[in-house]
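Undergrad: Here you go, sequence then predicted model.
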Amino acid sequence: MVPVKGTGLVVELGAGTGAVIQALLDHGIQADRLLIIERSAALVTHLRSRFPRLRIIQGDAGTLGDFFAGRHAD
């Protein structure tokens, strides 16, 4: 469960085609709180097209520390 009123990043690893992203947005998670990490270049292209306002990074869990920049995740 993700706190809707939280302020930390909500990180999704391996977003696939975006079903969980859409559910998070539908439940009130603000786009600026989402950080999407996807390994597949093809899926990153799809996700960026489907969710142009989101931060979508091509990478994997091993590089997560590079993306937090002093913020915490909820």
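TA: Structure received. Quick caveat: nothing in here was measured; it's all calculated off a predicted structure.

Undergrad: Where does the prediction get shaky in the protein?
TA: Flagging of the chain using pLDDT under 70 yields the residue ranges 1-4, 67-74.

Undergrad: any idea which residue sits dead centre in the protein?
TA: In the chain, the residue lying closest to the centroid (C-alpha atoms, centre = their mean) is Ile36, at 2.4 Å.

Undergrad: where's that residue, which helix or strand?
TA: Secondary structure from DSSP states H and E places Ile36 in strand 34-38.

Undergrad: Could you do Gln22 as well?
TA: Per DSSP H and E: helix 19-26 holds Gln22.

Undergrad: And that helix, what does it pack against?
TA: Here helix 19-26 touches strand 10-13, strand 34-38, going by 3 or more C-beta pairs under 8 Å, 6 or more residues apart in numbering; DSSP states H and E. The C-beta positions use only the backbone N, C-alpha and C, and glycine is treated the same way.

Undergrad: let's see 10 Å
TA: Packed against helix 19-26 by the contact rule (3 or more C-beta pairs under 10 Å, 6 or more residues apart in numbering; DSSP states H and E) you find strand 10-13, strand 34-38, helix 41-50.
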